[in-house]
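A.B. asks: just coords:
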């Protein structure tokens, strides 16, 4: 599962692009207890969502030209330049070439073979998120895609990801983990768009899940705050209770109250 013991190929950052950073701060602050802290005058308005003093996510105000409001997922890379080259070799796209971010690390924005954007973060002073897996922080991610095998092949070529099939009511779920980490390293899944009625007609994208203490209460609060329920609270056996939401500006995310882990 996701922890802050980040390894290469695993998610180590998430951020939201929004047309109203003050409004987003109010929404997520009420929903998750986050407080927004500016990264400074040189950051172009970028800042950190803090949870009890620990960075749980990033965010910035964006324009329509930069794309619709959305959450972005970043994966740890030991060499952002090499990862960008691997993306091109796997028939993906470099949307923003690797760049130094004020000495904090190197980042790049890339897209997979199907055109789904994602980022990489090569750590320097900032290693990644300060908190993951706790209530109010990142717990899981999913890629909704038209072609699961093609996506698995792409990300294996770029990051070395391994996949495993998890039996599920009505089929199987494709879990992903960094090479050599097996079950302990699982951080997300690949989901066929065609098999999910909540995503009917939509394009491929990455969906972050945030841990909560009460899924139903979080859904109700999100609605009160102007958010949208994309999938109501639903129990998944041995996984937890999940719901898919969107913030008032349309950025999609999900929440989960994880089931207690079984002791071996």
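C.D. replies: Yes, it's here. As the structure is a computational prediction, the values presented were derived from the model and not from experiment.

A.B. asks: which ones are touching residue 138?
C.D. replies: 2, 11, 14, 56, 57, 129, 132, 208, 209, 210, 211 (C-beta atoms under 8 Å, 6 or more residues apart in numbering). C-beta here means a position set from N, CA and C on the backbone, and glycine is covered the same way.

A.B. asks: typo on my end, residue 166
C.D. replies: 172, 173, 174, 175, 189.

A.B. asks: Tell me the spacing between the first one and residue 165.
C.D. replies: As for residue 172, its distance to residue 165 is 4 Å (criterion: C-beta to C-beta, to the nearest Å).

A.B. asks: Helix or strand: which one has residue 244?
C.D. replies: Per DSSP states H and E: residue 244 is located in strand 240-246.

A.B. asks: in the stretch 51-200 of the chain, which spans are helices?
C.D. replies: For the stretch 51-200 of the chain, the helices defined by DSSP state H, counting those that start in this stretch cover 80-89, 148-159.

A.B. asks: how about CSV for the ones you listed, with mean pLDDT and distance to residue 114 added?
C.D. replies: Output for the helices of the stretch 51-200 of the chain, formatted as CSV (pLDDT from 0 to 100; distance: least, C-beta to C-beta, whole Å):
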stretch, mean pLDDT, distance to residue 114
helix 80-89, 98, 12
helix 148-159, 97, 7
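
A.B. asks: wait, which of those is closest to residue 7?
C.D. replies: helix 148-159 (10.3 Å; C-beta to C-beta).

A.B. asks: Determine how far the closest one lies from the middle of the whole chain.
C.D. replies: The chain centre lies 17 Å from the centre of helix 148-159; the measure is C-alpha atoms, centre = their mean, to the nearest Å.

A.B. asks: quick one: that helix to helix 80-89, angle?
C.D. replies: 150 degrees (axes from the mean of the first three to the mean of the last three C-alpha atoms, to 10 degrees).

A.B. asks: can you pull the buried residues of helix 148-159?
C.D. replies: 148, 151, 152, 154, 155, 156, 157, 158, 159 (16 or more other C-beta atoms under 10 Å).

A.B. asks: who's in contact with the second one?
C.D. replies: Contact criterion C-beta under 8 Å, 6+ apart gives 112, 113, 114, 143, 145, 190 as the residues in contact with residue 151.

A.B. asks: and the second one, how far is that from residue 151?
C.D. replies: For residue 113, the distance to residue 151 equals 8 Å [C-beta to C-beta].

A.B. asks: how about CSV for the contacts of residue 166, with pLDDT, neighbour count and distance to residue 52 added?
C.D. replies: Shown next, in CSV, are these (pLDDT from 0 to 100; neighbours: other C-beta atoms under 10 Å; distance: C-beta to C-beta, whole Å):
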residue, pLDDT, neighbour count, distance to residue 52
172, 88, 11, 38
173, 93, 16, 32
174, 96, 21, 34
175, 95, 18, 30
189, 96, 21, 28
